[in-house]
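A.B. asks: Sequence first, then the predicted structure, then my questions.
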Amino acid sequence: MSRLVPIDFEYHSSNEFNLHLVCCSLLYDDKVYEFWLNDKSDSDKLKDLLKEVRNRDYIVVAFNVEAEARSLLSLNLDVRKFKWIDIQVEYKMLLNHNHKFMYGKQYKNGKETTTYSPRSKYAMSEREQRDIDASKPKSNLVACTYKLLGKLRDSDHKDKMRDIILTKDFDLIEANRKQIQDYCTDDIHDLIPLWDKIKEEYRAYFVGNIEHARPTIKEILYRGDSVARTALITRIGYPIQRTWLTNLSLNIPKVTADLKEDINSQFGWELFGKSKTNRDGYKQNQNEWKEYILTTKYADKWMKTDKDSVSLSEKAFKSFSFRHNFPRGNFFAQALRYIKTSSALRGFDRSTKKATIYDSLGPDDRVRPYINPYGSQSARYQPKSTSYLLLKTAWTRSLLHPKEGRVIVSIDYKSEEALIGALEANDTAMLQAYESGDVYLDYAKRAGAIPQEGTKEDYKKERDLFKATYLGISYLMGPKSLSEKLTDDTGKKFSQADAQKLIDKFYSAYPSYKEYLDKVYKDYQKYGYLKLFDGWIMFGDNDNFRSVSNMPIQGMGSCILRKAIKYTQDSGLDLVAPLHDALYIECDIADVKEATDTLAKCMTDGFVDCYPNNPKAKLIRLDIEAWGDGLLEQYGSNTIKTNLGNKIELENIHIDSRGKAEYLNYSQYFKPITAKLMATQGE
């Protein structure tokens, strides 16, 4: 008798606090149970059965635990008290730089296809990227069963049943009750065979002298628990100022028109011409863009299109590091400003048929996006920026705003990767740099650019240069990329030789760190895997030195955040969003100090617990911000201290300091436009 309980729910209204559950099927003690959850008696029976599963310490197996966990939450069951195996997450890990599964025969976009291991994407033209399918595989149930079991599921029928459920038409759903329930039950039958196949592949890969690296059941259950906890975050959702969002959506044609006019005013030629068909009245003068690019030093290596022309895609501009500030009169900066703003606005544009933030926006003015746990090679969350404000351009993040009387508190680990790198490498000099409070200033002093007694204020230009260098080197930029970054960041010409000197000074200042990076890559090549603190694995087919060497540091950051999330949720705080090295909670305005102290402790404990034998982990510092209507008036200051001495920067509205200039320009579009235009947009 198996202790595994495969389960699947069907539901709709994922943008609401509770899902509207339609049905559930599960396999328990070798018997299939089916429940039609529009029937309250079935709902009560299911709850009783699930409590029995929990009390017997059985393991719930699901494909995408987040969805099933949200279903249990909608039944008022605590998902943290269940044991979970997430087949989808295990499959994501099996795909992680494991070419046996990443490429070859796949099922994608409704058809069977074959994909191929690519050359570096930066070395391929758009034509090559089109002709040689080197795309990443899908990680849905249809793709997984096809790849692992060789079974081709009826995706058309699956889509039909899903579409019926998503109509929210009770009569239509009832009329298709048997088909929907059968479709739900069909999904659970492949879960155990998929799990057996994944275990088989783990055993086959980790043999001989690396058998000790094989995933353990403890690690697998921890991943399942982490995804179940993601459901707690998604269920709460993050608050958004709907009026501002609506106004911005309606104002999009004016935003883009004003943007294009401003960019045109900076140059002696028009980057955008007049148009009678575009909503904003302007079109991109693509030929002029291409001709200009061909006159620059970047022409020879610029990405090409299918027709061997100059590409104007966002990928083509990726080598430029402009993110929040865009120097005026710089073509590449302003081109990226246009591209990034256009991309960000697409997620707000209700006139398009593509996905927008409104798809995840609930009637309670909270956004509940899929935040994709274990979505990256280093096991970070990887949500789509379409519905995740924290990944959008900086000025739009002010839309993340609580209701009156409530406050958002954000805490992020300060220079976290610098401390992780120092701890991983056991680099004494780098630890001293972190302990000094300013790693960039320390680097400049060790390189001899600033005297030992020099301050950040007195040597701002020098510090900014070494900050840009430090951040570039932390991503293992070579002299070419670093020289371009420094030139873009400072406006001063840097040659590859200049950049190489700075790189040499960095590794001279922190020699153990360089030895650590080299060892990571050598060990990876030797053993064919990297394994994080809490068990996530990157397999051995990654030939990119930068990607491999960065993975343990970024990956440890993801381990730390998962620990911090667990402690935060178990402390009773309302956690509304994670982001890389930060957590966001929501609380009452009167509870800001107490909630901040609790969150700060949870995050500090999460970091320290990942380095149980290294007291230097306690050096970790935190940056704390809070915002909400009337917060400054409530406390009479823009900075306060908590009972435990934590310093909080207060704002009524969150304005990301990196994009303050852009915010001051674009926040005008949060204001309403004419009622006539609003009516034409269906508001």
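C.D. replies: That came in fine, so what should we check first?

A.B. asks: before we move on, which element is the closest residue to residue 534 other than its chain neighbours in?
C.D. replies: Spatial nearest neighbour of residue 534, excluding adjacent residues (C-beta to C-beta, 6 or more residues apart in numbering): residue 559 at 4.7 Å. (C-beta placed from N, C-alpha, C; glycine too.) Under the criterion of DSSP states H and E, residue 559 resides in helix 545-570.

A.B. asks: shaky segments in the stretch 401-550 of the chain?
C.D. replies: In the predicted model of the stretch 401-550 of the chain, residues 488 satisfy pLDDT under 70.

A.B. asks: What are the boundaries of the strands in it?
C.D. replies: 406-413, 529-531, 537-539 (DSSP state E, counting those that start in this stretch).

A.B. asks: Which of the ones you listed sits closest to residue 187?
C.D. replies: strand 537-539 (26.4 Å; C-beta to C-beta).

A.B. asks: Can you name every helix or strand that that closest one contacts?
C.D. replies: Judged by 3 or more C-beta pairs under 8 Å, 6 or more residues apart in numbering; DSSP states H and E, strand 537-539 is in contact with strand 529-531, helix 545-570.

A.B. asks: related to what we said a few turns ago, in contact with the residue nearest to residue 534, which residues?
C.D. replies: 379, 532-534, 536, 610 (C-beta atoms under 8 Å, 6 or more residues apart in numbering).

A.B. asks: just to revisit the earlier point, right, so of the helices and strands packed on strand 537-539, which gets closest to residue 433?
C.D. replies: Relative to residue 433, the nearest member of the helices and strands packed on strand 537-539 by C-beta to C-beta is helix 545-570, separated by 15.3 Å.

A.B. asks: buried residues in that closest one?
C.D. replies: 545, 547-569 (16 or more other C-beta atoms under 10 Å).

A.B. asks: Ok, stretch 570-584 next?
C.D. replies: For stretch 570-584, by 16+ other C-beta under 10 Å, it's 573, 575-584.

A.B. asks: Do me a favour and get the end-to-end distance for that stretch?
C.D. replies: One end of stretch 570-584 sits 15 Å from the other (C-alpha to C-alpha, to the nearest Å).

A.B. asks: contact partners of it?
C.D. replies: Here stretch 570-584 makes contact (C-beta under 8 Å, 6+ apart) with 80, 232-233, 236-239, 371, 380-381, 388, 390-391, 400, 408-413, 416-417, 557, 560-561, 564-565, 568-569, 585-587, 595, 598-599, 602-603.

A.B. asks: tell me the angle the helix or strand harbouring residue 586 makes with strand 406-413.
C.D. replies: Element membership of residue 586 [criterion: DSSP H and E] is strand 582-588. Per axes from the mean of the first three to the mean of the last three C-alpha atoms, to 10 degrees, the angle that strand 582-588 makes with strand 406-413 is 160 degrees.

A.B. asks: Could you tell me which other helices and strands the next helix or strand after strand 582-588 packs against?
C.D. replies: Downstream of strand 582-588, the first helix or strand assigned by DSSP H and E is helix 592-609. Helices and strands touching helix 592-609, by 3+ C-beta pairs under 8 Å, 6+ apart, are strand 406-413, helix 545-570, strand 582-588, strand 622-627, strand 647-651.

A.B. asks: Give the partner strands of the first one in its sheet and their orientations.
C.D. replies: The one in question is strand 406-413. According to DSSP bridges, strand 406-413 forms sheet pairs with strand 582-588 (antiparallel), strand 622-627 (antiparallel).

A.B. asks: quick one: the longest one to chain centroid distance?
C.D. replies: Spelled out, that is strand 582-588. Distance of strand 582-588 from its chain centroid, counting by C-alpha atoms, centre = their mean, to the nearest Å, is 18 Å.

A.B. asks: Walking through the stretch 1-150 of the chain, point out its strands one by one.
C.D. replies: 4-12, 20-28, 31-36, 59-62, 83-86, 104-108, 111-115.

A.B. asks: can I get those in CSV with distance to residue 479?
C.D. replies: Shown next, in CSV, are the strands of the stretch 1-150 of the chain (distance: least, C-beta to C-beta, whole Å):
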stretch, distance to residue 479
strand 4-12, 53
strand 20-28, 57
strand 31-36, 62
strand 59-62, 48
strand 83-86, 42
strand 104-108, 37
strand 111-115, 33
